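Visitor: give me a model of this one.
(2 chains, ligands or ions: 2)
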Amino acid sequence: MSKPEPAADDGPMYIAREKIHPREVKGPFQTLRHLAVIVLLGIFYGLPWLQWDGRQAVLFDLPARQFHVFGLTLWPQDFVYLALLLVIAALSLFFFTALAGRLWCGYACPQTVWTEAFIWMERWTEGKRQQRIKLDKAPWSRQKILRRGSKHLLWIVFALFTGFTFVGYFTPITELAGRLTTLSLGPWETFWVLFYGVATWGNAGFLREQVCIYMCPYARFQSAMFDNNTLIISYDEERGEPRGGRPRGIDPRERGLGDCIDCNLCVQACPTGIDIRKGLQYECIACAACIDACNGVMDKMNYPRGLIRYSTENAMNGKPEKVLRPRVMIYGLALLVLTTGVVYSLTQRVPLAVEVLSDRNVVYREVDWYTIENVYTVRVLNKDRVAHDYRLEAEGLEGIEVVTREDTLRVGPGETDSVVARVQVPRDAVEGAGNPFRLIMESTTDPDIRTVNTARFHGPSPGDN
Amino acid sequence: MSKARLLRSLGGTLWPSFLTAAVASVVFFANIDPETLHMQTLPHWEFSRMAGYTIGFFMFWGVGLASSVMTFVLTERSPQESP
Ligand code: SF4
Ligand code: SF4
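Guide: Ligands and ions are numbered 1, 2, ... in the order given. Coordinates of the predicted model:
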């Protein structure tokens, strides 16, 4: 066994699937997971309420087509940043997967996080694992209806609140809340609240581990990022086998037994319902619940901990381990370069976009015997949060001059406007078509807000005179 | 169709098309304002940008779904294997 493979014959697995009720375990890894759930959910539900400069700190304002991320305002023209951000996210995933396996799955994936939250609610209403299994089998009674009902009520309220929060990232959440209390949500808002709510409810309440096993693309290709030095959850077969029950306090070696007492707690704790003792399987989301479960048992038996532990393929086979492999270094380096690049370019970003379109109908015009004129339409998008007056200048050709109707162009925040620019050049400074020159747009108040566009000036060909 | 196949068909069609539709909508609407499309096609109708995004997203999803379903049907069992 080297890499986790999908089960070869997965046909019967679907049919045999019984609802998995993972046993609650306690231990350092589970504490860490709970912490991750609380922190991540806290961020998700809290962030839209945060204010910054008098408006929502993080708002992807789709109706107005602008993104606010704290002090930064991004426009559709800044799409490249979004794309780069996604590339960075993917690279970090590669990096951490190569280093420590499916950390993402066990601790940060929304699927795991919301499933965990839904399991908590299930625990509050339906009790511990044994009680839940019993309740599943029990006939319908007042008790069962009550418990089931309150579970679903909790789930639905939580799911709807999740949907509401989700929409709150796209329309100002305080206004949304206001409209909710007066029951006057718009049709599209209502639709997305319900859509996201139902998706959460279905994924975290019902599909759960099946999303990881059957639907998640990451689960399928993560093995490509694994190597023999990647941290995985593994069962120490050499130490554990042959497994078997035994009374406490005897020396297992005397009876020819390994350290595994075959209590099955690791299997019961597993949210994907697998037996880690069969080796690393592709269903394993590396949640480390089995580690905590097993360590608890080892403590009770007075055996050393770590029969199931985070380890690497190499360590398990007694080979030397290496953390800094070429693969890790390449992912890490690419990540570093890209992140610094994006941060740098964000600090250098000019909140102004200018587009120069040449007049296609007339190639050039002779103003008088000495002067040739080309006409351009210059479109200006003010990406800043205040209005600016812009002045247009031209350079790059001998004696070039630009004439606009007004001296400056005033554009409000987030607005576009255009100006007709008549560029005039002395006849003897240009020859033929396509002489490059530069058009410079600059804010009159802030010389840092300045763009340079290259355009082409068309003059008469030498033979035309 | 067995429950197994049904589940697999859901996971294998709805989901990938959803993911691609999400990406496609982001790329598409980052470059094209639904308001412009609206003015060029049905200017007399009332349409908010939100409506534009939503319709666009579901259009992408629908197209992706059609393709996924087709792939699913075609690859599920090749003619030689069928009993
Ligand atoms: S095998 Fe262990 S680590 Fe993997 S999913 Fe199951 S409990 Fe979590
Ligand atoms: S919890 Fe430990 S001792 Fe119990 S079955 Fe699992 S591996 Fe064996």
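Visitor: can you tell me the helix or strand for the residue nearest the centre of chain A?
Guide: Nearest to the mean C-alpha position of chain A, counting by Cα atoms, centre = their mean, stands A:Ala89 at 6.3 Å. Assigned by DSSP states H and E, A:Ala89 falls within helix A:79-100.
Visitor: averaged pLDDT, the host helix or strand of B:Phe58. What do you get?
Guide: Element membership of B:Phe58 [criterion: DSSP H and E] is helix B:49-76. Predicted confidence along helix B:49-76 averages 88 (mean pLDDT).
Visitor: show me which residues of it are buried.
Guide: B:49-54, B:56-57, B:60-61, B:64-65, B:68, B:72 (16 or more other Cβ atoms under 10 Å in any protein chain shown). In this view, the C-beta of every residue, glycine as well, is placed from N, C-alpha and C.
Visitor: kindly report the same for stretch A:277-286.
Guide: Using 16+ other Cβ under 10 Å, the residues of stretch A:277-286 that count as buried are A:Arg277, A:Leu280, A:Tyr282, A:Glu283, A:Cys284, A:Ile285, A:Ala286.
Visitor: report the two of these separated the most.
Guide: By the measure Cβ to Cβ, A:Arg277 and A:Ile285 form the most distant pair in the buried residues of stretch A:277-286, at 16.7 Å.
Visitor: secondary structure element for the residue nearest to A:Pro22 when sequence neighbours are not counted?
Guide: When the adjacent residues along the chain are set aside, A:Pro22 lies closest to A:Pro271, with 4.4 Å between them (Cβ to Cβ, 6 or more residues apart in numbering or on different chains). Secondary structure assignment for A:Pro271, by DSSP H and E: no helix or strand.
Visitor: do the same with the one 3 residues further on
Guide: Assigning secondary structure by DSSP H and E places A:Ile274 outside every helix and strand.
Visitor: that one and ligand 2: what is the separation?
Guide: Shown here: A:Ile274 relative to ligand 2, a distance of 12 Å by Cβ to the nearest ligand atom, to the nearest Å.
Visitor: thought that residue was touching A:Cys284?
Guide: Yes. In terms of Cβ atoms under 8 Å, A:Ile274 counts as a neighbour of A:Cys284; the distance is 6.2 Å.
Visitor: helices and strands of chain A: which one bottoms out on pLDDT?
Guide: When the helices and strands of chain A are compared on mean pLDDT, DSSP states H and E, helix A:11-16 comes out lowest with a mean of 40.
Visitor: next structured bit after that one?
Guide: For helix A:11-16, the succeeding helix or strand toward the C-terminus, using DSSP H and E, is helix A:28-46.
Visitor: show the average pLDDT along that following helix.
Guide: The pLDDT scores in helix A:28-46 average 93.
Visitor: what pairs with the next helix or strand after that helix, parallel or antiparallel?
Guide: Following the chain from helix A:28-46 toward its C-terminal end, the next helix or strand by DSSP H and E is strand A:51-52. Here strand A:51-52 has these sheet partners by DSSP bridges: strand A:55-56 (antiparallel).
Visitor: what's the partner strand in contact with?
Guide: Contacts with strand A:55-56, where a contact means Cβ atoms under 8 Å, 6 or more residues apart in numbering or on different chains, come from A:Pro48, A:Leu50, A:His68, A:Pro172, A:Ile173, A:Thr174.
Visitor: distance between it and the chain's centre?
Guide: In this view, strand A:55-56 has its centroid 22 Å away from the chain centroid, taken as Cα atoms, centre = their mean, to the nearest Å.
Visitor: mean confidence score for it?
Guide: Rounded to a whole number, the mean pLDDT of strand A:55-56 is 88.
Visitor: run a quick check on A:Thr230 versus A:Glu313, I expect a contact.
Guide: Yes. Because the distance of 7.5 Å satisfies Cβ under 8 Å, A:Thr230 is recorded as touching A:Glu313.
Visitor: what's the separation between A:Ala98 and A:Pro320?
Guide: Look at A:Ala98 and A:Pro320: by Cβ to Cβ, to the nearest Å, they are 18 Å apart.
Visitor: do A:Pro247 as well
Guide: When Cβ to Cβ is the yardstick, A:Pro247 and A:Pro320 sit 39 Å from each other.
Visitor: quick check: the gap between A:Arg255 and A:Cys263.
Guide: Plainly put, A:Arg255 is 16 Å away from A:Cys263 if you go by Cβ to Cβ.
Visitor: return the residues in contact with residue 30.
Guide: Just so you know, I chose chain A. A:Gln30 makes contacts with A:Ala288, A:Ala289, A:Asp292, as judged by Cβ under 8 Å, 6+ apart.
Visitor: switch to chain B, that's the one I care about
Guide: So, once contact is read as Cβ under 8 Å, 6+ apart, B:Ala30 ends up touching A:Pro76, A:Phe79, A:Leu82.
Visitor: ok, now A:Leu84?
Guide: For A:Leu84, the contact set (Cβ under 8 Å, 6+ apart) comprises A:Leu338, A:Gly341, A:Val342.
Visitor: may I see the ChimeraX selection of the buried members of these?
Guide: Restricted to the buried members of those, where burial is judged by 16+ other Cβ under 10 Å, the ChimeraX selection command reads as follows:
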select /A:338,342
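Visitor: closest one of the contacts of A:Leu84 to chain B?
Guide: The shortest approach to chain B among the contacts of A:Leu84 belongs to A:Val342, at 16.7 Å (Cβ to the nearest Cβ).
Visitor: correct me, but that closest one touches A:Leu86?
Guide: No. Judged on Cβ under 8 Å, A:Val342 makes no contact with A:Leu86 at a distance of 11.2 Å.
Visitor: give me the common contacts of those two.
Guide: If you check A:Val342 and A:Leu86 against Cβ under 8 Å, 6+ apart, no residue is contacted by both.
Visitor: follow-up on the earlier one: please identify which pair of the contacts of strand A:55-56 lies farthest apart.
Guide: A:His68 and A:Thr174 (14.0 Å).
Visitor: list the contacts of whichever residue of chain B sits closest to ligand 1.
Guide: Of all residues in chain B, the one sitting closest to ligand 1 is B:Gly11 (18.7 Å; Cβ to the nearest ligand atom). For B:Gly11, the residues meeting the contact criterion (Cβ under 8 Å, 6+ apart) are A:Gln210, A:Val211, A:Tyr214, A:Met215.
Visitor: so of those residues, which ones are in helices?
Guide: Secondary structure from DSSP state H places A:Gln210 of those in helices.
Visitor: dump the contacts of B:Gly11 into CSV; add distance to A:Leu103, pLDDT and neighbour count as well.
Guide: As requested, the contacts of B:Gly11 are arranged in CSV below (distance: Cβ to Cβ, whole Å; pLDDT from 0 to 100; neighbours: other Cβ atoms under 10 Å in any protein chain shown):
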residue, distance to A:Leu103, pLDDT, neighbour count
A:Gln210, 21, 83, 20
A:Val211, 18, 84, 20
A:Tyr214, 21, 79, 20
A:Met215, 20, 80, 22
